[in-house]
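Trainee: I need the structure of the sequence given here:
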Amino acid sequence: MAEVIIVPDAPTGGGIVADEIAALIRRRPDAVLGLATGSTPLPVYEALRDRLAGVDVSRVRGFALDEYVGLDTAHPESYRSVITREVVEPLGLDPRHIRTPDGSLDGIARAGEDYEEAIVAAGGIDVQILGIGTDGHIGFNEPGSSFASRTRVKTLTRQTREDNARFFETIDDVPMHCITQGLGTILRARTLVLLAFGEGKAEAVAGAVEGPVTASLPGSAIQLHEHVTVIVDEAAASRLAHAEYYRYAWENKPAWQGIWDAS
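Mentor: Numbering: from 1, shown residues only. Reported below is the predicted structural model:
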């Protein structure tokens, strides 16, 4: 069972995750982070600015979950640009150590394989930050994705493109394809942290945490991992059948027991 932490608001959740990541980096200056984009992980990155003040982060490495195919990396909504703007520059990370999948058309045939090899060469991802889509996707693994899948090109669903249209002028500007870490890739990370905030994510969260493990809801793959923490606000937790138990377990968590083991 995943550890589920129900928080009053997104900044509180972001602070909990940031505390753990900062502690990891202090223990392991060359820690490898799995970086998600979108609005959900922003409270984590914002909180890390304070937690990492004065900490040497020059050796921290990172791998983004995904990238649009055919979108220039200089475009403000390419995930390379987003990661640079929201993570690399504010935290003072070395951009040479932060990678996103290659979404350029020239190299797309080998991009997935190359990314998998780079993750393995780095020693694997210590902590993978995840959000979840309203249809249950994690990364860009849309419903129907194989639990054994590796980094590859996917066609985005209409719903995902509509959800992401807020970052573009129109939905027609949202790319049709992406390259994403697969569910199998995500499950290889040593620790998973899934965050979700708002009532719009409640159904997906309940399915991912308490529903059947099914490719129809890719987020349910987290149930197959031994070190998973799910952090949600009250609205996103509103459909969890065992919410009271999760609150009780968190309130009575032993002081010596950390949130995750990514050492």
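
Trainee: which SS class is I6?
Mentor: strand (DSSP: H, G, I helix; E, B strand; the rest coil).

Trainee: Below-threshold pLDDT in the chain: ranges please.
Mentor: 260-263 (pLDDT under 70).

Trainee: Surely V60 is in contact with R96?
Mentor: No: using CB atoms under 8 Å, V60 is not in contact with R96, being 11.3 Å away. For the C-beta atoms, the positions are set from N, CA and C on the backbone; glycine is no exception.

Trainee: what about these two, which has more around it?
Mentor: Using other CB atoms under 10 Å as the criterion, V60 and R96 rank with V60 on top: 24 against 8.

Trainee: For Y115, see how far away D56 is.
Mentor: D56 sits 27 Å away from Y115, going by CB to CB, to the nearest Å.

Trainee: no, scratch that, I was asking about V44
Mentor: V44 is 22 Å from Y115, by CB to CB.

Trainee: cool, and S146?
Mentor: 17 Å.

Trainee: tell me what the lengthiest helix in the chain is packed against?
Mentor: Counting by DSSP state H, the longest helix found in the chain is helix 10-27. Using 3 or more CB pairs under 8 Å, 6 or more residues apart in numbering; DSSP states H and E as the contact test, the elements touching helix 10-27 are strand 3-7, helix 42-51, strand 127-130, strand 191-196, strand 228-233.

Trainee: what's the following helix or strand past it in contact with?
Mentor: Proceeding C-terminally, helix 10-27 gives way to strand 32-35 as the next helix or strand, assigned by DSSP states H and E. Residues from elsewhere that reach strand 32-35, judged by CB atoms under 8 Å, 6 or more residues apart in numbering: 21, 41, 60-65, 83, 87, 98, 122-130, 181, 186, 189.

Trainee: Report the distance from strand 32-35 to the chain centre.
Mentor: 8 Å (CA atoms, centre = their mean, to the nearest Å).

Trainee: Name the residues of that strand that come out as buried.
Mentor: Across strand 32-35, burial judged by 16 or more other CB atoms under 10 Å covers V32, L33, G34, L35.

Trainee: Partner strands of that strand and their direction?
Mentor: strand 61-64 (parallel), strand 127-130 (parallel) (DSSP bridges).
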